[in-house]
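Student: need coordinates for the following:
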Amino acid sequence: MHQVSLGAVKFAEGFDFAFPTTCCANCGTREALRQQPQDTRKSTYLLVGGTELTFKLPLTVCVDCEPSLKRRPLTLANKVLIGLMVSAAIATGILIFADSGNLEMPFLADNLLLISLLAGGGLSALYFLRHRPQPRQSSYYQPVLIQRLNRRFLDGAIEGIVFAFTHPAYQEAFEQLNRAAVQAGFVKAVASSTGRVPSSA
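Tutor: Take a look at the predicted model:
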């Protein structure tokens, strides 16, 4: 797919919204906060290509959650691809080791595909388990995502954005801060499926 950067983002007239600064976007804490830009990208796929818009979302986070702003969430396709690549690497390693003549492994040779897939899946699962959010955090990855964009056909100006939030307190603060924009249909806030609701804020 060929992606085209559209440069500066253009919004429809009257489009206005802001992000709250009262709590951390990831864990909800109200202590030691600072505003940092989150590089957020939204791709639109067409038959032979696609376009990509880049947003710099000014999110408020604490020191512990700041690294999450740089971690884009992995899709299911990304996770499957990582598992297959690890499995292929394991299969290659087994073949090289067996071909060297250092060890005879008839069982491994006869069941190379199965063993590689099981080992690759297991190692990939351990890798993803390490990427779980810390206590109080709602996500290991970016806490605010762009779920959907509504754009005008002629000039491409953005008429509406649906933001997905991993932390319910930050989502609620966003909705209160942008009540007029929400009522006008410019923005909408929904719960993100990539995060989890913390047991405590």
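
Student: for the rest of this, base every contact and every neighbour count on C-alpha atoms.
Tutor: Will do.

Student: what are the boundaries of the helices in the chain?
Tutor: With DSSP state H, the ranges of helices along the chain come out as 76-99, 106-110, 112-129, 168-177, 179-184.

Student: lowest-confidence stretch among these?
Tutor: For the helices of the chain, mean pLDDT drops lowest on helix 106-110, to a mean of 64.

Student: let me see the domain layout of the chain.
Tutor: Following automatic domain parsing, one finds the domains of the chain at 3-73+139-191, 76-129.

Student: quickly compare these and say which is most buried.
Tutor: When you average the neighbours per residue for each of the domains of the chain (mean count of other Cα atoms under 10 Å), domain 3-73+139-191 leads with a mean of 17.

Student: can I get the CA coordinates of stretch 178-198 in PDB?
Tutor: What follows is stretch 178-198 as a C-alpha-only set of coordinates in PDB (Å, rounded to 0.1, in the frame of the first residue of the first chain):
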ATOM      1  CA  ASN A 178     -16.000  19.600  25.100                       C
ATOM      2  CA  ARG A 179     -19.700  19.500  25.900                       C
ATOM      3  CA  ALA A 180     -20.600  22.000  23.100                       C
ATOM      4  CA  ALA A 181     -18.500  20.200  20.500                       C
ATOM      5  CA  VAL A 182     -20.000  16.800  21.500                       C
ATOM      6  CA  GLN A 183     -23.500  18.200  21.300                       C
ATOM      7  CA  ALA A 184     -22.700  19.800  17.900                       C
ATOM      8  CA  GLY A 185     -21.500  16.400  16.600                       C
ATOM      9  CA  PHE A 186     -17.900  17.500  16.000                       C
ATOM     10  CA  VAL A 187     -16.400  15.000  18.500                       C
ATOM     11  CA  LYS A 188     -17.500  11.900  20.200                       C
ATOM     12  CA  ALA A 189     -15.800   9.900  23.000                       C
ATOM     13  CA  VAL A 190     -16.000   6.200  23.400                       C
ATOM     14  CA  ALA A 191     -14.200   3.500  25.500                       C
ATOM     15  CA  SER A 192     -11.200   1.900  23.800                       C
ATOM     16  CA  SER A 193     -11.100  -1.800  23.300                       C
ATOM     17  CA  THR A 194      -7.300  -1.800  23.600                       C
ATOM     18  CA  GLY A 195      -7.200  -0.800  27.200                       C
ATOM     19  CA  ARG A 196      -8.800  -2.000  30.500                       C
ATOM     20  CA  VAL A 197     -10.700  -0.200  33.100                       C
ATOM     21  CA  PRO A 198      -8.400   0.200  36.200                       C
END
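
Student: what does that stretch rub up against?
Tutor: For stretch 178-198, contacts defined as Cα atoms under 8 Å, 6 or more residues apart in numbering pick out 15-18, 27, 73, 135-141, 143-145, 159-168, 171, 174-175.
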